[in-house]
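A.B. asks: I'd like to go over a predicted model; first the sequence, then the structure.
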Amino acid sequence: MLEHTKDQDAKGSWLTYRPEIKVHDCTVRDGGLINSHQFEDGFVKAVYECCVAAGIDYMEIGYKGDKKIYSPTENGKWKFCDEEDIRRIVDDNPTALKLSAMADSERCDYKSDILPREQSVLDMIRIATYIHQLPTALDMIKDAHDKGYETTLNLMAVSVVHEQDLGEALEVLARSEAEVVYVVDSFGSLYSEEIRDLVKSFLAILGGVGKEVGIHAHNNLQLAYANTIEALIVGANRLDATINGMGRGAGNCQLELLLSFLKNPKFHLRPVLQCIQETFLPLQDKMEWGYQLPYLVTGMLNQHPRTAIKMRGSDKPDDYVGFYDQMMEGEL
């Protein structure tokens, strides 16, 4: 008989079925960072119908970006998520799927661009913020809450936040209107033990006041899926993923992998595979996403992937050694 020692802090294992786990599809929002959100309606409709058929809990349909900051001529409609554009895709959304939009701290005219909940087909507003922007983010959370929305806060670039600053931020968020706070591995640089410790730290402060913890992982080290599972096992109930891993730079946790892991019979893998086959494969000739060696380098160095994205768009997209040497020189 094999001896088995269970982590006393674990909330589950690979056999876990927890009905409180919610899956949040971020394909259009995070994937739109590749092409300035210039998706055709047919693509967004296909993702929406896929999420409905697959039993996904939430779909993030884009950003609520400030048109004074982001030019509507240079960015597609899913950078702004005007109500008429959303309703053209989902009508009144007569489904169990809930819809969300993300608002970046200091980059959204939230007082006017986010309508009262009764005037919108959106169910949730997700606020994304760096820690130094937290005062603005807290006001944005309160504004969305007061307007009647479900609210979450994505604390970005947590891999570069000092432990003391993080603890103080979580104490403030524990008193906020945010219902869920996400661990966001923006640079795709974290390993499983770091994800485990972060989720436990978030839960220690937020769980006692009834807030949930989520995970949003990037795939620079090809750990987005593994780290999402690690977060789930220690108690994260809100899981972000994208179809075929589509997202900025190295992309995100693949929705199809996540659904293959989860044991809740409400989730269905086949519609996601069909959507990949019919909608995503044809896109791969037009736009690039997913793991590439330059993203390994930025993830390894715990840096934003912007330099790797620029390199992949240059006339030397495969000069991996030159990129590595350039990045390592910057570390000296």
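C.D. replies: Cool, the structure landed.

A.B. asks: residue ranges of the helices in the stretch 1-150 of the chain, please?
C.D. replies: Assigned by DSSP state H, counting those that start in this stretch, the helices in the stretch 1-150 of the chain fall at 27-31, 41-54, 83-90, 110-113, 134-146.

A.B. asks: Ok, which of the ones you listed comes nearest residue 244?
C.D. replies: Closest approach to residue 244 among the helices of the stretch 1-150 of the chain is made by helix 27-31 (8.1 Å; CB to CB). Placement of C-beta: from N, CA and C, glycine included.

A.B. asks: Strands along the chain, start to end?
C.D. replies: 22-25, 58-63, 98-104, 124-129, 150-155, 180-185, 212-217, 238-241 (DSSP state E).

A.B. asks: want to throw those strands into JSON lines with distance to residue 52?
C.D. replies: Formatted as JSON lines, these follow (distance: least, CB to CB, whole Å):
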{"stretch": "strand 22-25", "distance to residue 52": "10"}
{"stretch": "strand 58-63", "distance to residue 52": "8"}
{"stretch": "strand 98-104", "distance to residue 52": "11"}
{"stretch": "strand 124-129", "distance to residue 52": "16"}
{"stretch": "strand 150-155", "distance to residue 52": "18"}
{"stretch": "strand 180-185", "distance to residue 52": "22"}
{"stretch": "strand 212-217", "distance to residue 52": "21"}
{"stretch": "strand 238-241", "distance to residue 52": "16"}
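
A.B. asks: Including mean pLDDT, could these go into CSV?
C.D. replies: CSV is the format used below for those (pLDDT from 0 to 100):
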stretch, mean pLDDT
strand 22-25, 98
strand 58-63, 98
strand 98-104, 98
strand 124-129, 98
strand 150-155, 98
strand 180-185, 98
strand 212-217, 98
strand 238-241, 98
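
A.B. asks: any chance of the ones you listed in a markdown table, plus mean neighbour count and distance to residue 280?
C.D. replies: Listed next are the strands of the chain as a markdown table, based on neighbours: other CB atoms under 10 Å; distance: least, CB to CB, whole Å:
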| stretch | mean neighbour count | distance to residue 280 |
| --- | --- | --- |
| strand 22-25 | 23 | 13 |
| strand 58-63 | 25 | 16 |
| strand 98-104 | 23 | 21 |
| strand 124-129 | 26 | 23 |
| strand 150-155 | 24 | 24 |
| strand 180-185 | 26 | 23 |
| strand 212-217 | 26 | 19 |
| strand 238-241 | 26 | 14 |
